[in-house]
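**Student:** test case, fold it:
(one chain, ligands or ions: 2)
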Amino acid sequence: MAPVNATDVNGSKAYVPVKKTLPEVEENGKSSKGYSYETLVETANFLLSRTSVRPRIGVICGSGMGSYWKEGSLAENITDPECIPYEEIPNFPVSTVEGHHGRLVFGKLEGVPVVAMQGRFHYYEGYPLWKCCLPVRVMKLIGVQTLIATNAAGGLNPNYKVGDLMIVRDHINMMGFAGNNPLHGPNDERFGPRFPPMNKAYNLEYRKIAKEVAKEQGIDNIVREGVYTCLGGPNFETVAELNMLKMVGVDAVGMSTVHEVIIARHCDMKVFGLSLITNECVTSYDHDSEANHEEVLDVGRMRQDTLRQYVSRLVQRFASSDDASP
Ligand SMILES: O=P(O)(O)O[C@@H]1C[C@H](O)[C@@H](CO)O1
Ligand SMILES: Nc1nc2[nH]cnc2c(=O)[nH]1
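**Tutor:** Numbers count the residues shown, from 1 in each chain. Ligands and ions are numbered 1, 2, ... in the order given. Sure thing, here's the model as predicted:
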């Protein structure tokens, strides 16, 4: 495009667009569009060299599931644990959320080899989406085939109560509507296709198993199934935003998971999503309460035994179901 004339019709200086190519932001020599396949292989090889467990299932422990505290949480229940702090893992981001553990725990849950992320990376911490999801690709490279992504979320469905669990049936990628997608940028076919489908994001068989296990454990009265959405955070939502989300069919609102699931499905991992409803979304101006992070953590602590027992059994049942399938 030719530069516009520097003098506008009134004789004053007009804006002159300068044609320049913005450099790709480099961080430690890595492109802003994501680390290369080879770089992530380096990270995966580091983890394989530091651990003896070879997990097929990866669990992301959300805010309601012991990413903040130790005693009684799922990750603390892993037997023969091999723990690696994020700071020691090449190319890994570090958790900036105060109190988050920030480590990978390799070991066994009900005899099944797993790796758990104790502390995840959120967009609101300042990481681009691709970086928030980097651990999912690393999991894939070390042999993980199933991702269990858990989160804390606000309950928007009026039938939901604080302390309920929601099996994620589907998600709405709100941030993606604005063009912010973890797959944005060049595609490496070694991870997956340029245009991955997303209509079977949350594995149907796992969802059936999760309902069966809820019955067996006598918690089916608190286990729901619904649609999750992620907003960038860190602020909680306005009344108007929540009413809009309700209208489009959202049952629970959080600040994670959706982009991790997109990356997992892109590289053909099977996915199960679970939300802990930690607060009621306020959809009326007459309502006095306000969402807050302390409540999220308190409800997580209150439900930690139930969650630990439920997710541990799910791991065991998903593994047997995978073994049985051709
Ligand atoms: O990591 P998750 O998605 O469980 O954490 C949610 C979102 C925010 O980090 C936090 C808000 O309290 O809970
Ligand atoms: N965006 C969002 N994230 C949450 N995490 C826990 N509760 C909430 C909530 O109400 N909104």
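**Student:** contacts, neighbours, all on C-alpha from now
**Tutor:** Will do.
**Student:** and Asp286, how far is that from Gly154?
**Tutor:** Counting by Cα to Cα, to the nearest Å, the gap between Asp286 and Gly154 amounts to 18 Å.
**Student:** centre-most residue in this structure?
**Tutor:** The C-alpha lying nearest the average C-alpha coordinate of the chain belongs to Thr257 (Cα atoms, centre = their mean; 2.6 Å).
**Student:** quick one: contacts for it?
**Tutor:** Taking Cα atoms under 8 Å, 6 or more residues apart in numbering, we find Thr257 in contact with 149-151, 230, 273.
**Student:** with Arg194 instead?
**Tutor:** Taking Cα under 8 Å, 6+ apart as the definition of contact, the neighbours of Arg194 are 187-188.
**Student:** returning to what we had before: ligand 2: which of the contacts of Thr257 is nearest?
**Tutor:** For these, the closest approach to ligand 2 (Cα to the nearest ligand atom) belongs to Cys230, at 6.4 Å.
**Student:** looking at it, that closest one is touching Met255, isn't it?
**Tutor:** Yes - using Cα atoms under 8 Å, Cys230 and Met255 qualify as a contacting pair, with a distance of 4.6 Å.
**Student:** who has more neighbours, Asp286 and Gly154?
**Tutor:** Gly154 (27 against 7; other Cα atoms under 10 Å).
**Student:** so how far is Ser52 from that one?
**Tutor:** Here Gly154 is placed at a distance of 38 Å from Ser52 (Cα to Cα).
**Student:** can you check Asn235 too?
**Tutor:** From Asn235 across to Ser52, the span is 40 Å (Cα to Cα).
**Student:** now Thr306
**Tutor:** For Thr306, the distance to Ser52 (Cα to Cα) stands at 29 Å.
**Student:** please identify which of those two sits among more neighbours.
**Tutor:** When neighbours are counted by other Cα under 10 Å, Thr306 and Ser52 differ, and Thr306 comes out ahead with 16 against 11.
**Student:** can you classify the more buried one by secondary structure?
**Tutor:** When the structure is split into helix, strand and coil by DSSP: H, G, I helix; E, B strand; the rest coil, Thr306 lands in helix.
**Student:** residues in contact with the residue lying closest to Gly34 once chain neighbours are set aside?
**Tutor:** Spatially, and ignoring its direct neighbours in sequence, Gly34 is nearest to Trp130 (6.1 Å; Cα to Cα, 6 or more residues apart in numbering). Under the criterion of Cα under 8 Å, 6+ apart, the contact partners of Trp130 comprise 33-34, 181-183.
**Student:** so how far is ligand 1 from Thr229?
**Tutor:** Computed with Cα to the nearest ligand atom, to the nearest Å, the distance linking Thr229 and ligand 1 is 10 Å.
**Student:** enumerate the residues of this protein near ligand 1.
**Tutor:** For the chain, the contact set with ligand 1 under Cα under 6 Å from any ligand atom comprises 62-64, 151-152, 254-256, 293, 296.
**Student:** which residue ranges form the helices in the stretch 201-326 of the chain?
**Tutor:** Ranges of helices within the stretch 201-326 of the chain are 204-216, 239-247, 258-266, 293-302, 304-324, based on DSSP state H, counting those that start in this stretch.
**Student:** wait, Ile60 sits on Thr150?
**Tutor:** Yes - between Ile60 and Thr150 a contact is recorded at 5.9 Å, counting by Cα under 8 Å.
**Student:** and what about Gly64, helix, strand or coil?
**Tutor:** When the rule is three-state DSSP, Gly64 gets the label helix.
**Student:** what is the neighbour count of the closest residue in space to Pro234 that isn't next to it in sequence?
**Tutor:** Distance criterion Cα to Cα, 6+ apart; nearest residue to Pro234, sequence neighbours excluded, is Tyr124 at 5.4 Å. The burial count assigned to Tyr124 is 18, neighbours taken as other Cα under 10 Å.
**Student:** what sits against Tyr124?
**Tutor:** The contact partners of Tyr124, by Cα under 8 Å, 6+ apart, come to 232-234.
**Student:** what's the separation between it and Glu295?
**Tutor:** Spatial separation of Tyr124 from Glu295 under the definition Cα to Cα is 19 Å.
**Student:** measure the residue nearest to Pro234 to Ser256 for me?
**Tutor:** 10 Å.
**Student:** joint contacts of these two?
**Tutor:** Contact with both Tyr124 and Ser256 is made by residues Gly232, according to Cα under 8 Å, 6+ apart.
**Student:** and stretch 194-207, what's buried?
**Tutor:** Along stretch 194-207, the positions that meet the burial threshold by neighbour count (16 or more other Cα atoms under 10 Å) are 201-203, 206-207.
**Student:** excluding chain neighbours, what is closest to Gly62?
**Tutor:** Excluding the flanking residues, the one nearest Gly62 by Cα to Cα, 6+ apart is Asn151, at 4.2 Å.
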